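Student: need a structure here:
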Amino acid sequence: MFDHQYWEKVEKLVSIYEALYTVLRIVDSEVVPTMPFVYELIRLMKANLERHKAKEWVKLIIADRWDRTLKHLLHAAAYYLNPKFQYRPGVGSNPELLQAVHDVFSKLDLNAEGLSNFGNEIF
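Tutor: The predicted model follows:
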């Protein structure tokens, strides 16, 4: 219990899993709608794992879970349309996010006349 190395390892472990716990707690909340924040929360969690030098297998689990279950066009569109994030450098002009918004809107109304020009004024 008095071993300094032991407590350093425990501190690192807690800091790595704290990010995951925070995201899960926020996403599981039913008080506040979390869809516009999921994309940003995952981005922050990945950055936190990098900063704390998490093991590669932990990052692979997070990436796999993100790709298989959470990475949806609707999350990307909600992130893009959220004013809290949209005006950050690189977000408003991100072609991947803009394409996600375009795809979501095209699913809503296939016959919209102005939809084909949506987002073209940015570039």
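Student: ok now do residue 20, which residues does it touch?
Tutor: 45, 62 (CB atoms under 8 Å, 6 or more residues apart in numbering). From N, CA and C alone the C-beta is placed, and that goes for glycine too.
Student: could you look up the SS state of residue 91?
Tutor: coil (DSSP: H, G, I helix; E, B strand; the rest coil).
Student: the closest residue to it other than its chain neighbours and residue 14, how far apart?
Tutor: Among residues not flanking residue 91 along the chain, residue 85 sits closest, at 5.4 Å (CB to CB, 6 or more residues apart in numbering). Distance of residue 85 to residue 14, given as CB to CB, to the nearest Å: 28 Å.
Student: which one of the two is surrounded by more residues?
Tutor: Between residue 85 and residue 14, counted using other CB atoms under 10 Å, the more crowded position is residue 85 (18 against 11).
Student: and the pLDDT at residue 102?
Tutor: Per-residue pLDDT puts residue 102 at 83.
Student: so what does the helix or strand it falls within touch, helix or strand wise?
Tutor: Using DSSP states H and E, residue 102 sits in helix 95-108. Using 3 or more CB pairs under 8 Å, 6 or more residues apart in numbering; DSSP states H and E, the elements in contact with helix 95-108 are helix 73-81.
Student: show the subsequent helix or strand relative to the helix it packs on.
Tutor: helix 83-86.
Student: can you tell me what sits against that next one?
Tutor: For helix 83-86, using CB under 8 Å, 6+ apart, the contacting residues are 36, 39, 40, 79, 80, 91, 92.
Student: could you redo the last one with a cut-off of 7 Å?
Tutor: Residues from elsewhere that reach helix 83-86, judged by CB atoms under 7 Å, 6 or more residues apart in numbering: 40, 79, 80, 91, 92.
Student: how close does the spatially closest residue to the last one that is not a sequence neighbour get to residue 35?
Tutor: To tie it back to what came earlier, the one meant is residue 92. Distances taken as CB to CB, 6+ apart put residue 86 closest to residue 92, at 5.3 Å, once the chain neighbours are dropped. Per CB to CB, residue 86 is found 15 Å from residue 35.
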